[in-house]
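Q: Quick check, what structure comes out for this input:
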Amino acid sequence: MANVRLKLLDELVSYLKNIPGIGEKNALKYAFWLAEHKDKARAISTLLNEISTSVKPCKLCYNLTINEDGICDICADSSRNRGLVCVVESIENILEIELANVYNGLYFILGGVISPIYGIDSIIKRIDHLAQRIIEEHIEEVILLISPTTEGELTIQYIKEKLKQSSIKITKVAIGVPAGADINYINRKTLIEAFKMRTVA
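A: Now for the predicted structure:
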């Protein structure tokens, strides 16, 4: 791509490819679409700017929020069971659980799993935050909803080790969840049963 405009599109493609699920071909298609639909591109640009300035991670669970106090709607909801915390890998996991309508406690988002390849520092810091939160909020049960991969099992073991000095009940949602599965692709019926039949971790 020789001229300036196409170089700009190339740069846009390089950013779009960072979005999970978007490859080179689709990124190029979206870049051309945005270049051709300028009104929508400007609207998207304005919205993205608002998101980047207004949306932030929840101070308690790392869910997303626009609330001024930095606490997400789920953590602020007094009707939820505040003795339960479900530990998940991503925000998408929360969406699946909420749609299944199987759980009414609180959440904690790890942001991934412990992996020697991708680094562990950020996950370790979040697990430290989780341990502190359990003590401060007198949590009764931690439910682990983590993909049963090698890295996922390593993460579960680290959490258990971190919490072993407390009397907290630790359970895991694993019934019907195949090894190596992505939690986001598990059907709702299986997810509901998995929550009901959770076992001690």
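Q: mind listing the strands in this structure by residue range?
A: Ranges of strands in the chain, per DSSP state E, are 56-57, 64-65, 81-88, 105-109, 141-145, 169-172, 199-200.
Q: Check the gap between residue 132 and residue 123 for me.
A: Distance, residue 132 to residue 123, using Cβ to Cβ, to the nearest Å: 15 Å. No exception for glycine: its C-beta is placed from N, CA and C like everyone else's.
Q: How about residue 93?
A: 15 Å.
Q: Can you tell me the centre-most residue of this structure?
A: By Cα atoms, centre = their mean, the chain has its centre lying nearest to residue 90, at 1.4 Å.
Q: ok, it to residue 101 distance?
A: Separation of residue 90 from residue 101 (Cβ to Cβ): 19 Å.
Q: hmm, back to that, which one's more surrounded, residue 132 and residue 123?
A: Each of residue 132 and residue 123 has its neighbours counted (other Cβ atoms under 10 Å); residue 123 has more, 21 against 10.
Q: what's around the residue nearest to residue 169 when sequence neighbours are not counted, how many residues?
A: Distances taken as Cβ to Cβ, 6 or more residues apart in numbering place residue 141 nearest to residue 169, at 4.4 Å, with adjacent residues excluded. Using other Cβ under 10 Å, residue 141 has 16 other residues around it.
Q: With residue 29 instead?
A: 13.
Q: now it: how far from residue 22?
A: Applying Cβ to Cβ, the value for residue 29 to residue 22 is 10 Å.
Q: Quickly list what's touching both of the two.
A: Common neighbours of residue 29 and residue 22 (criterion: Cβ atoms under 8 Å, 6 or more residues apart in numbering): none identified.
Q: How is this structure divided into domains?
A: As given by automatic domain parsing, the domain ranges for the chain are 4-54, 64-200.
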